[in-house]
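**Student:** got a sequence here, can you model it:
(chains A and B)
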Amino acid sequence: MDTRPDESDVTQPTLGPVGMMRWAWRQLTSMRTALFLLLLLAIGAVPGSIWPQRNIDAGRVADYLASHRITGPWLDRLGFFDVYTSSWFAAIYLLLFVSLVGCVVPRSKIHWRAMRAQPPLAPRRLERLPEHGEIEVDGAPEDVLQVALGVLRARRVLGRRSGLRRWRIRSADEPGSGGASDGRSGDGLSLSAECGYLRETGNLVFHAALIVVIVAVAVGHLFGWRGDRILVTGKSFSNTISAYDTFDPGPWVDTEALSPFTVAVDKLVVTFEEQAGGAQRGAPRDFTAYTRTKTSPQAPQVNQILKVNGPLKFGGTSVFLLGNGYAPVITVRDAKGQVLMREATPFLPQDANYKSVGAVKVSAASPKQLGFFGFFLPSEYLDKDAGPSSFFPDLKNPALALGVYEGELYPQGRPQSVYTLSTEKMTQLKNAKGEPLRLLLKPGQTAQLPDGRGSITFDSVQRWAGLSIRYDPGKVLALGGAIAALLGLIASLMIRRRRVFVRVRPVGRRTVVSVGGLAKGEDPGLGAVIEDLLSAIAERTGTTV
Amino acid sequence: MTNETLAQYANLGVYSAMAVFTIAMIAFAIDLAGTAPKVSSARPRKAAGVAMMLTRLGGLLLIAAVAMRGLSVHRPPLGNMFEFALVGCMFVILVFVAISLRRDVRWLGLFVIGPVLLTLGLAITVFYTDASELLPSLKSVWLVIHVTVATFSVALFTIAFSVTILHLVQTWLESQDPEGMSRLRTIVNTALPPARSLDRTAYGIHVVAFPLWTFTLIAGAIWAEQAWGHYWNWDPKEVWTFVIWVVYAAYLHARATTGWTPRAANYLALAGYACILVNYMVVNVYFVGQHSYSGM
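**Tutor:** Have a look, this model is predicted:
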């Protein structure tokens, strides 16, 4: 960010195209613009927390659009449901990124030169500096200046906080300082000292590290991928695209070259809060999946425990346990008792008590295909308004509540969710009274379907583990950048850049020592440094103040 | 497994701390009201002495309450809004007492105890959550690292917020004609340090709080990577933590920008604190996200 003085009040010649570019660049990289963009970034990020986001919960976005028919589409057009991938949000952070680069590069050059340069000469009138002090001591001016030099070199004397500070000193007697004439500025001998170069170094490291973090995020976006898979206990899956329920690769991911590991979930142990009352009752307490894994088809099998907060790792790919639910084992038979389907069918939890929805699709049924749609309830009770509901997330009174449809399960072969039934080409079965047929099954129970359509049996309940598999090659770089940014930030905020000037002039046989201090930014400790310096000089010259 | 008796004792500790803080607040107020203009600064300040003593006592009671709450649930008491509020108040008092050991901050007492009392009152009535175990995703060492530092930096931001408000008030008072000021304004004007000094104090606290908040952000990202598989997913809580970070970063930039007065920059600091309040009170309760741990 440019700290050069504002030149807007200077009459300038007409700018050509190059001049315009330069002007635009100066505007973009100015501190004022950076500040404006920062605030814009903060404001721009807020809508993403208010409106549901597609990348987090596409279902809630669909619900919102369905219930806000007028404002919804407009918000959608403006990107309010994809804030962090929208063009306007990208515009803000890309401009900020450019501004950041435009600030870091020239400042690094300036700082590189400053680090190797001598501190500037003492200004003519030290009493005009923000901090100033003067004492009269015994001794000749040359000797007193040597004493001041010794005090500054001793480092540990000045100021409570300047413990390990190394002063860079320029004085008349320093070799390479440009000759003795330099020290004779004003009306006496002088020296200049500067410390705290690390402040600017830290500041630059902080800004450069932010660029690294942004690059790392981009790397993760381009080369990373995530996949989700619902895995019923007792089953296994291998890391190929076809094994995933959903797979979301970055644009530059080679989907044929995924690492060939397999994961089998043997058992899933889930505990819920039973003791506490109120909102805490039924809150999840522990999820543990007992797995068998292989890093490749030929590799030996390993037993591993997968927990929330304890992912499985396969090289750079991690397997997380993010969800769980129930998969009732359901058998459908035809009128002769032939098994048409027997499967553990995952149902998706809808609320904290795991009232779950799902569908059973029996494409082998004839003459018409059969479909069952409804709820699995781990602890079933009949709610007056909501119908069959669950009062606890664990299996206290498991039941299936299903409606039955017949017709065409997959009209025109379109892809559809396995958890819902597409009923446009299906009709609902009715009971003898002409009401929609509703089945309520407990484990082990069988219901006969009307008119010789066969039967459905609820055999048992299994659990499923919701696995999320992620690969992000940028995350180590992001962490490194973030830590470097933090260290740079601490250095730039805690270290003080200070300049101290000492001038000595003879007054009769004694010497007047005049000290001035200048700091970058706020520095409440500068006065103490000047005082310490003066009293140390007084002490070493044997003067009592 | 929770120990209800201990949890009850913890609540008792909170109520006792509140009683002690109430008296301390009154004593601080009496002390400030006793500030007479143009009287030497060496006036006896008995009320302030009593108030400081009571503040330390209240702080000890809060520490005891936090410890008992933690013991009652066998975990760090950082699992829901009630516990965040409790620990946050404890940090505010600890920081205030720590500063008071090095500097005379008796003028600040009223403006630190006031918010603490308000927060404790809200915590024990509105945010109160029964002592209970944690959600599986919260069972991690990062809970201690991330949430402790977050709460500590919020405590610092809170004190900085109070000082910033006082700075704005004092700036306004200093711009007024000292002869024509009402008695109340004169008292406030003399009781508080000069605006420049208030501004420096506020900036000094912000400068410590901001890197801590940065650490909170990074630690949270590391934990999110472990628990949810992605270090940054724009969850509402993440969004607001980021917004807070950006606003305070803007504040620090504004301090270094010519053309921005300290006063204008301080308004940004106030905006940052407003975002902290939103992050704590609105996001936890009303926004749907992975950080929905309010316990309410």
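
**Student:** low-confidence ranges, chain A, go.
**Tutor:** Counting by pLDDT under 70, chain A shows low-confidence ranges at A:1-13, A:155-165, A:171-187, A:277, A:544-545.

**Student:** show me where it has helices.
**Tutor:** Assigned by DSSP state H, chain A shows helices spanning A:17-28, A:31-45, A:47-50, A:54-67, A:71-77, A:87-116, A:141-154, A:180-183, A:197-223, A:475-494, A:526-540.

**Student:** quick one, which of the ones you listed is nearest to residue B:284?
**Tutor:** helix A:47-50 (11.8 Å; CB to CB). C-beta coordinates here come from the backbone N, C-alpha and C atoms, glycine included.

**Student:** what's the closest one in contact with?
**Tutor:** For helix A:47-50, contacts defined as CB atoms under 8 Å, 6 or more residues apart in numbering or on different chains pick out A:80, A:83, A:84, B:234, B:236, B:239, B:240, B:283, B:287, B:289.

**Student:** tell me the spacing between the second one and residue B:135.
**Tutor:** This points to residue A:83. Per CB to CB, to the nearest Å, residue A:83 is found 27 Å from residue B:135.

**Student:** could you list the low-pLDDT ranges of chain B?
**Tutor:** For chain B, the ranges with pLDDT under 70 are B:1-2, B:36-43, B:290-296.

**Student:** state which helix of it is the longest.
**Tutor:** From DSSP H, the single longest helix across chain B is helix B:195-228.

**Student:** does chain A sit close to it?
**Tutor:** Yes: using CB under 8 Å from any CB of the partner chain, helix B:195-228 reaches chain A at B:200, B:203-204, B:207, B:210-211, B:214-215, B:217-218, B:221-222, B:225-228.

**Student:** mind giving me the PyMOL command for buried ones among those?
**Tutor:** The PyMOL selection below is limited to those of these classed as buried (16 or more other CB atoms under 10 Å in any protein chain shown):
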select buried, chain B and resi 200+203+204+207+210+211+214+215+217+218+221+222+225+226+227+228
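
**Student:** partner residues bridging residue A:369?
**Tutor:** residue A:407 (DSSP bridges).

**Student:** what is the neighbour count of the closest residue to residue A:509 other than its chain neighbours?
**Tutor:** For residue A:509, ignoring the flanking residues on the chain, the nearest one in space by CB to CB, 6 or more residues apart in numbering or on different chains is residue A:138 at 7.9 Å. Counted with other CB atoms under 10 Å in any protein chain shown, the neighbours of residue A:138 add up to 14.

**Student:** can you tell me how far residue A:138 sits from residue A:536?
**Tutor:** 15 Å.

**Student:** how close does the nearest residue to residue A:40 once chain neighbours are set aside sit to residue A:39?
**Tutor:** Using CB to CB, 6+ apart and skipping the chain neighbours, the partner closest in space to residue A:40 is residue A:92 (5.2 Å). The gap separating residue A:92 from residue A:39 is 10 Å, by CB to CB.

**Student:** and if you look at residue A:73?
**Tutor:** Distance from residue A:73 to residue A:39, by CB to CB: 29 Å.

**Student:** more neighbours: which of those two?
**Tutor:** Comparing residue A:73 with residue A:39 by other CB under 10 Å, the one with more neighbours is residue A:39, at 19 against 11.

**Student:** check contacts around the nearest residue to the more buried one once chain neighbours are set aside.
**Tutor:** By the measure of CB to CB, 6+ apart, the closest residue to residue A:39 outside its immediate chain neighbours is residue B:250, 5.4 Å from it. Residue B:250 makes contact with A:35, A:38, A:39, A:42, B:268, according to CB under 8 Å, 6+ apart.

**Student:** now residue B:250: which helix or strand?
**Tutor:** helix B:236-255 (DSSP states H and E).

**Student:** show me what contacts residue B:251?
**Tutor:** Contacts of residue B:251 (CB under 8 Å, 6+ apart): B:206, B:265, B:266, B:268, B:269, B:272.

**Student:** ok, 7 Å please
**Tutor:** By CB atoms under 7 Å, 6 or more residues apart in numbering or on different chains, residue B:251 lies in contact with B:206, B:265, B:268, B:269, B:272.

**Student:** in three-state terms, how would the residue nearest to it when sequence neighbours are not counted be classified?
**Tutor:** Closest residue to residue B:251 apart from its sequence neighbours, by CB to CB, 6+ apart: residue B:268 at 4.1 Å. Secondary structure for residue B:268, judged by DSSP: H, G, I helix; E, B strand; the rest coil, is helix.
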